[in-house]
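**Student:** return atomic coordinates for the entry below.
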Amino acid sequence: MSGAEEAGGGAGRGAAAPVRRSGSGRSGPGGAQRRRRRWAAAGPGLPDEAGLAGARQLQLQEAAGDPDAPPKKRLRAAEAAEAAAAAAAAGSGKLEERLYSVLCCTVCLDLPKASVYQCTNGHLMCAGCFIHLLADARLKEEQATCPNCRCEISKSLCCRNLAVEKAVSELPSECGFCLRQFPRSLLERHQKEECQDRVTQCKYKRIGCPWHGPFHELTVHEAACAHPTKTGSELMEILDGMDQSHRKEMQLYNSIFSLLSFEKIGYTEVQFRPYRTDDFITRLYYETPRFTVLNQTWVLKARVNDSERNPNLSCKRTLSFQLLLKSKVTAPLECSFLLLKGPYDDVRISPVIYHFVFTNESNETDYVPLPIIDSVECNKLLAAKNINLRLFLFQIQK
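**Tutor:** Prediction:
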């Protein structure tokens, strides 16, 4: 190779380098203009970190659309674009939808419908789950703990969170009939009184019409209902079936009224206290202190789910009780008795009258069901430190 060619090649290589540097934006007037555009796009007056982040984002966007950019840079740019799109989609969700996960119960993961309790660390529990945790702990003879942080919880340690209750009441909820959105505080009234699609009954249901349908079809149905035109004999058959259910209910209350006319009536407030059996696997039972009614000494005992092995594993909870006569009697003592809720409790118990003849040899009744409405009411009783009820005793004289 000649010296001229070497000089020409060297000159060519030397001339090409500034062109590449200029094209890369590192020097020259073109690079300065690009830098000014990038800083302007990042936003005027931003802090240094925000400006750098904006410039970096703009660089990635340019690289994604630049076919001459290196493959790795284009890949990073595509990943950054996908991440930005996902963040934008997440941020565009409605505020109430994002609040659901913040205000939901930590146990059932649903929005509370009534009272909201919180542990000492602020984790939220709806009233039903809170009572259920306390009841389970009582059955297992353990200290109830928060499912999230394992701190101790009890009725004295936990408090209601009124701010969350009010916030939840204002969140929109969908009507199950018309599918429209309403604040949760107004939803119940809307579904009972205002919704045109709510399920209603025909006004002739008292004479046996079984129709159920949306409210906006009620007028049309009642105009065409066939029950008002039925004969008296047809209606009598329908009314006989309806009267049987009412007759059973009235029979119970008539029996109570008859008992209230007895000469010897006694009642007292009883307090069931929790105890454990001496078995290898202990079982929970309740017992009251001795009390005096009708000049006799009595004791009440109660057990959960008829003393099954693991009542804490069952979703159905029941209580049964027995009445024991502790004093000696000279003659058989025939009594009727029933348990009702105490004066300061809100548990729902249906009145049921039981009958037994007490003697010195047979001084305790069989275990009979405590007529609680459902398992939720039973959990309320189990969650309390003591169960407070009212006992009525009626002595039957011959």
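**Student:** helix or strand right after the longest helix anywhere in the chain?
**Tutor:** Using DSSP state H to define each element, the chain has its longest helix at helix 232-259. Per DSSP states H and E, the first helix or strand lying C-terminal to helix 232-259 is strand 264-276.
**Student:** direction included, what does that following strand pair against?
**Tutor:** Strand pairing for strand 264-276, using DSSP bridges, gives strand 284-287 (antiparallel), strand 387-395 (antiparallel).
**Student:** compute the inter-axis angle for that strand and helix 232-259.
**Tutor:** 90 degrees (axes from the mean of the first three to the mean of the last three Cα atoms, to 10 degrees).
**Student:** what residue ranges in the chain score low on pLDDT?
**Tutor:** Within the chain, the ranges that satisfy pLDDT under 70 run 1-93, 344.
**Student:** could you chop it up by domain?
**Tutor:** Here the domain assignment for the chain is 21-91, 98-194, 231-257, 262-395, based on automatic domain parsing.
**Student:** please tell me how far residue 163 sits from residue 182.
**Tutor:** As for residue 163, its distance to residue 182 is 21 Å (criterion: Cβ to Cβ, to the nearest Å). C-beta coordinates here come from the backbone N, C-alpha and C atoms, glycine included.
**Student:** so between the two, which is more surrounded?
**Tutor:** More crowded of residue 163 and residue 182, by other Cβ atoms under 10 Å: residue 182, with 18 against 10.
**Student:** what about the residue nearest to that one when sequence neighbours are not counted, neighbour count?
**Tutor:** Nearest residue to residue 182, sequence neighbours excluded (Cβ to Cβ, 6 or more residues apart in numbering): residue 190, at 5.3 Å. Number of residues near residue 190 (other Cβ under 10 Å) recorded here: 17.
**Student:** and residue 190, helix, strand or coil?
**Tutor:** helix (DSSP: H, G, I helix; E, B strand; the rest coil).
**Student:** that one and residue 175 touch, don't they?
**Tutor:** Yes. Between residue 190 and residue 175 there is a contact at 6.2 Å, judged by Cβ atoms under 8 Å.
**Student:** overlap of the contact sets of the two?
**Tutor:** Residues touching both residue 190 and residue 175 (Cβ atoms under 8 Å, 6 or more residues apart in numbering) are residue 182.
**Student:** dump the residue contacts of residue 110.
**Tutor:** By Cβ under 8 Å, 6+ apart, the contact set of residue 110 is 104, 126.
**Student:** likewise for residue 315?
**Tutor:** With contact set as Cβ under 8 Å, 6+ apart, residue 315 has these partners: residue 375.
**Student:** can you list contacts of stretch 362-370?
**Tutor:** With Cβ under 8 Å, 6+ apart as the test, stretch 362-370 has contacts from 302-303, 306, 318-326, 339, 349, 352, 354, 356.
**Student:** gap between the residue nearest to residue 182 and residue 103?
**Tutor:** Residue 190 is 21 Å from residue 103, by Cβ to Cβ.
**Student:** quick one: the helices in the stretch 251-398 of the chain, in order.
**Tutor:** 375-383 (DSSP state H, counting those that start in this stretch).
**Student:** closest to residue 296 out of the strands paired with strand 264-276?
**Tutor:** Residue 296 sits nearest to strand 387-395 of all the strands paired with strand 264-276, at 8.6 Å, using Cβ to Cβ.
**Student:** run the chain-centre distance for the closest one.
**Tutor:** When C-alpha coordinates are averaged (Cα atoms, centre = their mean, to the nearest Å), strand 387-395 and its chain have centres 33 Å apart.
**Student:** and what of stretch 189-209?
**Tutor:** 27 Å.
**Student:** can I get it in CSV? Just the C-alpha atoms.
**Tutor:** Taking C-alpha atoms only, stretch 189-209 is exported to CSV below (Å, rounded to 0.1, in the frame of the first residue of the first chain):
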residue,chain,number,x,y,z
ARG,A,189,-84.0,1.2,51.9
HIS,A,190,-83.8,1.1,48.1
GLN,A,191,-84.2,-2.6,47.9
LYS,A,192,-87.2,-2.7,50.4
GLU,A,193,-89.2,0.4,49.2
GLU,A,194,-88.0,2.0,46.0
CYS,A,195,-86.5,-0.6,43.6
GLN,A,196,-88.9,-1.3,40.7
ASP,A,197,-87.4,-4.7,40.2
ARG,A,198,-87.6,-5.9,43.9
VAL,A,199,-89.4,-9.1,44.6
THR,A,200,-92.9,-8.6,45.9
GLN,A,201,-96.0,-10.7,46.6
CYS,A,202,-99.5,-10.4,45.4
LYS,A,203,-102.0,-8.6,47.8
TYR,A,204,-104.2,-11.7,47.6
LYS,A,205,-101.5,-13.9,49.3
ARG,A,206,-103.8,-14.0,52.3
ILE,A,207,-106.2,-16.1,50.3
GLY,A,208,-103.5,-18.3,48.9
CYS,A,209,-102.0,-16.6,45.9
